[in-house]
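>>> Build me a model from this:
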Amino acid sequence: SYLDNFFSKPVRDPVWGNIMLSEGFKKIVSSPVLQKMNRIKQLGPTYLVYPGAVHTRFCHSLGVYHIGKKIIRKLITFDSCPRVSEEGIKAFLCACLLHDLGHFPYTHSLKELPLKEHETLTAEYILSEPLFSLIKKELRTDPYLSAAIVDENLDTDSDEVHFFRHILAGVLDPDKLDYLTRDAWFC
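Numbering: from 1, shown residues only. This is a model prediction of the structure:
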């Protein structure tokens, strides 16, 4: 299967150990759009109380990708799992990696302001250059699928996209599994 091949580029993470990327995902991780998340602290000013809380949205995004890959790898082994395509899996993993791209510093503190939701901003990033071309060329998947997985306001009648949305934004999703573990580890 796709998940058993092509993932040979390790990135070392203090929480999860080696996170394996394909060549295409490595290029997306290296893009300036994603690298800017290295400058955004996951917990904002919390480091003033917990000096170790200096982890970034970039590290968190890698963790969500890693856990998303583990989840989908396990789910597809069950007969009851809906059929998913290789293109859908790549779009899902891309959505995991990029899910917080629309967050900006202190965004949780600014929820009362009339700003676009971070999921909408993330979808806009995915559907713009350079990510649009990187996803299309390097991952050979439709960027709209990744954007639609992240932003439920994007129209789709795809059962596969709905399935992946429920994994990425569910009760116990890869986002929560990473940030709860990561925040506890760093604090």
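
>>> Please work out how many residues are found near L172.
The local packing of L172 (other Cβ atoms under 10 Å) involves 10 other residues. Backbone N, C-alpha and C define where each C-beta goes, glycine included.

>>> Now do it against S80, distance only.
Counting by Cβ to Cβ, to the nearest Å, the gap from L172 to S80 is 18 Å.

>>> go on, V150?
From V150 over to S80 (counting by Cβ to Cβ), the distance is 25 Å.

>>> Comparing these two, which residue is more hemmed in?
V150 (29 against 5).

>>> Could you pull up the contacting residues of that one?
With contacts taken as Cβ atoms under 8 Å, 6 or more residues apart in numbering, V150 has the following neighbours: 95, 98-99, 119, 122-123, 126, 168.

>>> Just give me the neighbour total for V49.
Number of residues near V49 (other Cβ under 10 Å) recorded here: 9.

>>> go on, T77?
Every residue meeting other Cβ under 10 Å relative to T77 is counted, giving 8.

>>> So which residue of this structure lies furthest out from the middle?
In terms of distance from the mean C-alpha position of the chain, V49 ranks first, at 27.5 Å (Cα atoms, centre = their mean).

>>> Let me see the contact set for the nearest residue to P130 once chain neighbours are set aside.
With Cβ to Cβ, 6 or more residues apart in numbering as the criterion, P130 has its nearest non-adjacent residue at 6.1 Å, and that residue is S31. Applying Cβ under 8 Å, 6+ apart, we find S31 in contact with 130-131, 134.
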